[in-house]
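J.: Structure here, sequence nowhere to be found:
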């Protein structure tokens, strides 16, 4: 009889342990999913930051090259597998996608898509742009960003 009682207790211990495992596993899975989602969001923001830094670097290279310096830059088709749009003005390069924003700052310089007074330029995915340093009519350096 004593053995039967011990086996009964072992069965109850097994059932209790199994129930505890069933309760804790969904919590652990939820924590893991949240961590993976956070890592994916950080990766998306990092890719946007890298793209904005690449464009800012090209603008700085053209600025330091002086009058007549130009660079051709091909925009990638996506960033973090999402469509995006880049806004460039005299204070920096800003990329917006999927409700997120990446930015990179540049030296203060006039930015335009022509020699007029348009100081905001929008660059689209999968297009090629010419970034040039040109003197305007007032003999100031102006960075011209044109789609080619």
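T.: All right, it came through fine. For clarity, every value in this text was computed on a predicted model and none was experimentally measured.
J.: give me the element the residue nearest to the spatial centre of the chain is part of.
T.: Geometric centre of the chain, nearest residue: residue 48, 2.0 Å, by Cα atoms, centre = their mean. Element membership for residue 48 (DSSP states H and E) is helix 2-65.
J.: elements contacting that helix?
T.: Packing contacts for helix 2-65, counted by 3 or more Cβ pairs under 8 Å, 6 or more residues apart in numbering; DSSP states H and E, involve strand 70-74, strand 85-89, strand 92-97, strand 100-105, strand 128-135, strand 141-147. (C-beta placed from N, C-alpha, C; glycine too.)
J.: 7 Å - rerun?
T.: Identification of packing neighbours for helix 2-65 by 3 or more Cβ pairs under 7 Å, 6 or more residues apart in numbering; DSSP states H and E yields strand 70-74, strand 92-97, strand 100-105, strand 128-135, strand 141-147.
J.: Pick out the shakiest of those strands, pLDDT-wise.
T.: When the helices and strands packed on helix 2-65 are compared by mean pLDDT, strand 100-105 comes last with a mean of 84.
J.: Distance of residue 112 relative to residue 129?
T.: Residue 112 sits at a distance of 13 Å from residue 129 (criterion: Cβ to Cβ, to the nearest Å).
J.: cool, residue 100 as well?
T.: Taken as Cβ to Cβ, the spacing of residue 100 relative to residue 129 amounts to 22 Å.
J.: between the two, which one's more packed in?
T.: With other Cβ atoms under 10 Å as the criterion, residue 100 and residue 129 differ in neighbour count, and residue 129 comes out ahead with 23 against 15.
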